[in-house]
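[1] structure for the following, please:
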Amino acid sequence: MATGKTNFGLTYGLINGGISIVFTLVLYLAGVKWFVHPIAWSGLALPIIIAVLGGLAQKKANGGFLTFSEGLKTAFTVFVIGSLVATIFQYVLFNIIDVPFREALTQESAEVTARMMEKFGASQDDIDKATTEAMSGNNYSISKMALSFAFVCILWFLFSLIIAAIIKKKKPEFDNNQFNR
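    A predicted model of the protein is given here:
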């Protein structure tokens, strides 16, 4: 595969999106409680792994070398494409396919929030306020999901910086073989 012909960010981004859809479907089929279970947070490791793999594929295609900017571009593209696919899928799932599931998820999330606030010693007024706020409106509306997507892209950019710094490998300025002739 030639570097100019394969966009590893796009390719691995679509893989990331596909895996995110499968992960979301598994949680969906398992039920509402799994969406708010700590195991659901483990799904955050998947995009990171895929972004690293995409960056490494780009590095391999470049003959084992990768600039910081190439690594950053590839990793961030993987995150953005994957997150966009996942966000669109979740919007369709919660607003078109299964609205009652969305409502049950909102209820469960409010209950989990209330229990967590109790553990941290929050006042009953604060708990009631947070619960009422969580239950009002559609947390999966286009505007709220777009805002969530924007915030997650900022987070993914930070991860992309770290990944690029780790996997970069500068091409030597001089070929050492030219001195061995």
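[2] C-alpha from now on. contacts and neighbour counts both.
    OK.
[3] helices or strands up against the helix or strand of the chain with the lowest mean pLDDT?
    Lowest by mean pLDDT, DSSP states H and E among the helices and strands of the chain is helix 124-135, with a mean of 83. Helix 124-135 makes packing contacts with helix 99-119 when contacts are defined by 3 or more C-alpha pairs under 8 Å, 6 or more residues apart in numbering; DSSP states H and E.
[4] and for the helix it packs on, what's in contact with it?
    By C-alpha atoms under 8 Å, 6 or more residues apart in numbering, the residues outside helix 99-119 that reach it are 32-33, 35-36, 93-95, 127-128, 130-131, 134-135, 139-140.
[5] rerun at 7 Å
    V32, K33, V36, F94, I127, T131, A134, M135 (C-alpha atoms under 7 Å, 6 or more residues apart in numbering).
[6] which element is the second one on?
    What it means is K33. Using DSSP states H and E, K33 maps to helix 32-35.
[7] identify each buried residue in that helix, please.
    By neighbour count on 16 or more other C-alpha atoms under 10 Å, the buried set for helix 32-35 is V32, K33, F35.
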